[in-house]
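>>> From the sequence below, what's the structure:
(chains A and B, ligands or ions: 2)
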Amino acid sequence: MKPRIGFFDFTGCEGCQLTVLNLEEEFLELLELVEIVEFREVMSGAAESLDIAFVEGSICRPQEVERLKAIRARSKTLVALGACADTAGVNALGHFRDLQQMRREIYGGDAPQLLTEPPRPLQAWVQVDHRVPGCPIDGREFLAVLQALLMGRPPELPSYSLCVECKLAELPCTFERDQVCLGPVTRAGCKALCIEAGDRCRGCRGVIDNPRSDPYYRILEEHGLCAEDILQELRTFNVLGKGKQCASK
Amino acid sequence: MRIEVAHLARIEGHANLVVDAVSGELKECRLEIVESPRFFEGLLKGRHYSDVAPIIARICGVCSNSHTLVSLAATERALGIPISRQTRNLRRLLAYGEILQSHILQLYFMAVPDYLGVPSIFPLARSRRDLVSRALRLKKLANDICNVVGGRPVHPVTPCVGGFSALPQASALQGLRRQLVQALPDLEETVELFSSLPVPEFERETEYLSLGGGSDYPIFGDSIVSSDGICAPVAEYAATIEEYLVPHSTAKFARATRESYMVGPLARARNAFARLSPMARQVAAAMGLSASATNPYHSLLARLVEVIHCVEEAIHLIDAVLLAGLREEALRTPEGGGEGAAAIEAPRGTLFHAYGYDEKGCIETADCVIPTAQNLANIEADLRALVPSLLGLPEAELTRRLEMLVRAYDPCISCSTHLLKVEFV
Ligand code: SF4
Ligand code: SF4
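Ligands and ions are numbered 1, 2, ... in the order given. Next up is the predicted model:
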């Protein structure tokens, strides 16, 4: 029997699921190899059990925790799909603001349906077996992770920083424009596409396991920047730091 | 009889449908928006203008390009930054790419299964390989436009305040042009397919609202127009549209002249029918879509007509850009703060962003009004009008018809739960 896989979404923008659908031709081939048994965004119906569940989005409400636990219970393997699921991504910016005050500012009141908790990554509530980082995910990397799982070996993400890929692509360093770039501490794998597009790295793929800070301080000093500049920058996608640190719940 | 559909399928985001009828009489009928609110505008507070578009785009993956483009326009207006004709053309091309991408996804992945009686497009990969391959080819074309112009299909990376941080290669634009021309047979077959689908009959006239002004079909625009006679500058959107909170929803509802109004492809096609491309008008005529359509299921036809329009217009836009020649442009650094509002026609309808910046160029206030949230009251009004005539049907069929109606609007719930207003008092 073909492996049964499903896609699920919580609080997020569905951009990661869309990136999967955007695989076009490969997606068609994928349908030959696996059976997609649940994917609410584009199909009706639900499945009782799954071999692999890909889960997008952060968890913000008790109902979401329940739904996530139920998915975990019927799935052999659970993969966090994208930054929202992996580290709480941009959603985690909410950790800086008082939620009650925000509800008042934005909705003019504290209506019960608006009650949420600060957004958390999946692993704050359930065991996450593997992850596909990025905001949005990289379609190729998703395929690589799925392929590894189908072949029964653990998928591996690059452990080195984005600077390596950036240098290989011979792109000019963002720091030369005296702008902070998170490339030195961000996990490689996106081929530095933002830097190639003339932007800087905002760190959507999360921090590598062992970032080295010393050379970073030196680069900052050389360009008249300080650690606060980096922290400010890290606040877009890495409020909670590495997913691991907020797993205590 | 009570119908409850939790987590409606084949729409973006999470909504429940609740219908309650007792002995032929409708008691309750609502669309519950259960997606968690994300307070996006609140999250922007204090952020530098160069971070605003990349953050706010994360409201919605399916319309991340529209959010990016309107965000940039609002910031540019607030900070007094002019943009060039080249930037304007490329942004329009990107907007067409996204409308195509979103409409193709809705037509083939979300609507077609309803009409062919399958839970999703996936089982058709074997039985109707031609249809699925065609859907994927058209989707790829749309993604390629976004890729070439915006740097990636979801959450674009090249558009920035003042213009673009990187321009597409002329050769890539030429390649796109070829692909667009080659797509014409696929479009013909798509039109044939949709002409053969039985669109349910149901008429309910409502107020139709879109951007107006200008000589082009509305994408960017400075005025809001409606079938009930609204004609107001975009800057006055907050006085034109009234938003309100309802207990069963985490998204705000909206009204203008009446209790509800419609935005999106059908509203645009009605309000700007004469400005559709020649080919699009032909297709509209062939499929029976007119400027006075009042059947909400016709949104499907309007979407297809817009697909034709976008393809035809994208070809002309590319020609215009290539004829003028691509030029690198220096980006200006703004000084001081200010306030500004802008609007765009996103795939699902009119989308407003408004920002206030302090002297350092950091966000003080932010407000977004999202298309689906504007449609919610209208969807409910349609459901209320439709349900009584269907009460004789078996429950499963009734449910299917109602879901189809909701899907005809292509609601994007992920988006609408971020419809929020910040008033820092
Ligand atoms: S990680 Fe980014 S692209 Fe994916 S759902 Fe979250 S906000 Fe959207
Ligand atoms: S360059 Fe940085 S921000 Fe861009 S995709 Fe890669 S990790 Fe994400």
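>>> What does the pLDDT read for the closest residue to ligand 2 within the stretch 301-425 of chain B?
Nearest residue of the stretch 301-425 of chain B to ligand 2: B:Leu331, at 18.9 Å (CB to the nearest ligand atom). Heads up, the C-betas are built off the backbone N, CA and C, glycines and all. pLDDT recorded at B:Leu331 is 90.
>>> these two touch, right, it and B:Cys160?
Yes - counting by CB atoms under 8 Å, B:Leu331 does reach B:Cys160; the two are 6.9 Å apart.
>>> So if I had to pick from the two, which one is more boxed in?
More crowded of B:Leu331 and B:Cys160, by other CB atoms under 10 Å in any protein chain shown: B:Cys160, with 21 against 13.
>>> Leaving out chain neighbours, which residue sits closest to A:Ala85?
A:Leu122 (5.0 Å; CB to CB, 6 or more residues apart in numbering or on different chains).
>>> Quick one: residues contacting the one you found.
Each residue near A:Leu122 by CB atoms under 8 Å, 6 or more residues apart in numbering or on different chains is listed here: A:Val55, A:Ser58, A:Ile59, A:Leu68, A:Leu78, A:Ala80, A:Ala85, A:Asp86, A:Val128.
>>> helices or strands next to the helix or strand that contains B:Tyr208 in the packing?
Under the criterion of DSSP states H and E, B:Tyr208 resides in strand B:207-212. Contacts defined by 3 or more CB pairs under 8 Å, 6 or more residues apart in numbering or on different chains; DSSP states H and E place strand B:207-212 against strand B:223-226, strand B:261-262, helix B:265-271, strand B:338-346, strand B:349-357.
>>> Direction included, what does it pair up with?
Strand pairing for strand B:207-212, using DSSP bridges, gives strand B:223-226 (antiparallel), strand B:261-262 (parallel).
>>> The last one: how far from the chain's middle?
Taking CA atoms, centre = their mean, to the nearest Å, one finds the center of strand B:261-262 at 14 Å from the center of the full chain.
>>> Give me the contact list for it.
B:206-209, B:226, B:228, B:254-255, B:267, B:296, B:349, B:374-375, B:377-378.
>>> Would you mind checking which of those residues the model is least sure about?
B:Ala254 (82).
>>> need the contact list for the spatially closest residue to A:Cys204 that is not a sequence neighbour.
Leaving aside its chain neighbours, A:Cys204 sits nearest to A:Cys135 (3.9 Å; criterion: CB to CB, 6+ apart). Counting by CB under 8 Å, 6+ apart, A:Cys135 makes contact with A:Gly15, A:Cys16, A:Gly82, A:Ala83, A:Cys84, A:Gly89, A:Val90, A:Cys204, A:Arg205, A:Phe237, B:Arg58, B:His155.
>>> Same question for A:Ile5.
A:Val34, A:Glu35, A:Ile36, A:Val37, A:Leu50, A:Asp51, A:Ile52, A:Ala53, A:Phe54, A:Leu146.
>>> That one: which element?
Applying DSSP H and E, one finds A:Ile5 within strand A:4-9.
>>> Likewise for B:Glu403?
helix B:395-408.
>>> just to revisit the earlier point, tell me which of the contacts of A:Ile5 is nearest to B:Val387?
Closest approach to B:Val387 among those (CB to CB): A:Val37, at 31.5 Å.
>>> right, is whatever helix or strand the closest one lives in up against chain B?
Per DSSP H and E, A:Val37 falls inside strand A:35-39. Yes - Strand A:35-39 comes into contact with chain B (CB under 8 Å from any CB of the partner chain), by way of A:Ile36, A:Phe39.
>>> list the contacts for the residue nearest to A:Asn238 when sequence neighbours are not counted?
Distances taken as CB to CB, 6+ apart place A:Gly203 nearest to A:Asn238, at 5.5 Å, with adjacent residues excluded. Applying CB under 8 Å, 6+ apart to A:Gly203 gives the contacts A:Leu182, A:Val185, A:Thr186, A:Glu233, A:Leu234, A:Thr236, A:Phe237, A:Asn238.
>>> what's around the residue lying closest to B:Arg332 once chain neighbours are set aside, how many residues?
Excluding its sequence neighbours, the residue lying closest to B:Arg332 (CB to CB, 6+ apart) is B:Gly162, at 5.4 Å. B:Gly162 is flanked by 22 other residues according to other CB under 10 Å.
>>> Tell me how many other residues crowd the residue in the stretch 151-300 of chain B that ligand 2 sits nearest to.
Going by CB to the nearest ligand atom, ligand 2 is nearest to B:Val157 of the stretch 151-300 of chain B, at 6.8 Å. Per other CB under 10 Å, the neighbour tally for B:Val157 reads 21.
>>> Verify the stated contact: it with B:Gly150.
Yes - in this structure, B:Val157 is within contact of B:Gly150 by CB under 8 Å, at 6.9 Å.
>>> And the residue in chain A positioned nearest to chain B, how close does it get to A:Asp9?
Residue of chain A nearest chain B, by CB to the nearest CB: A:Gly15 (2.4 Å). Counting by CB to CB, to the nearest Å, the gap from A:Gly15 to A:Asp9 is 10 Å.
>>> Give me the number of neighbouring residues for the residue of chain A closest to chain B.
Neighbours around A:Gly15, by other CB under 10 Å: 28.
>>> residues making contact with stretch B:172-189?
Residues contacting stretch B:172-189 (CB under 8 Å, 6+ apart): B:134, B:137-138, B:141, B:144-145, B:148, B:307-308, B:311, B:314-315, B:318-319, B:321-322, B:326.
>>> In helices, which of these fall?
B:134, B:137-138, B:141, B:144-145, B:148, B:307-308, B:311, B:314-315, B:318-319, B:321-322 (DSSP state H).
>>> So among those residues, which ones count as buried?
B:134, B:137-138, B:141, B:144-145, B:148, B:307-308, B:311, B:314-315, B:318, B:321 (16 or more other CB atoms under 10 Å in any protein chain shown).
>>> Tabulate the residues you listed (JSON lines), appending pLDDT and distance to chain A.
Putting those into JSON lines (pLDDT from 0 to 100; distance: CB to the nearest CB, whole Å) gives the following:
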{"residue": "B:Arg134", "pLDDT": "95", "distance to chain A": "12"}
{"residue": "B:Arg137", "pLDDT": "95", "distance to chain A": "8"}
{"residue": "B:Leu138", "pLDDT": "97", "distance to chain A": "10"}
{"residue": "B:Leu141", "pLDDT": "97", "distance to chain A": "10"}
{"residue": "B:Asp144", "pLDDT": "97", "distance to chain A": "10"}
{"residue": "B:Ile145", "pLDDT": "98", "distance to chain A": "13"}
{"residue": "B:Val148", "pLDDT": "98", "distance to chain A": "12"}
{"residue": "B:Val307", "pLDDT": "98", "distance to chain A": "17"}
{"residue": "B:Ile308", "pLDDT": "98", "distance to chain A": "21"}
{"residue": "B:Val311", "pLDDT": "98", "distance to chain A": "18"}
{"residue": "B:Ala314", "pLDDT": "97", "distance to chain A": "18"}
{"residue": "B:Ile315", "pLDDT": "98", "distance to chain A": "22"}
{"residue": "B:Ile318", "pLDDT": "98", "distance to chain A": "20"}
{"residue": "B:Val321", "pLDDT": "97", "distance to chain A": "18"}
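>>> any idea of the mean pLDDT for stretch A:26-40?
On average, stretch A:26-40 scores 89.
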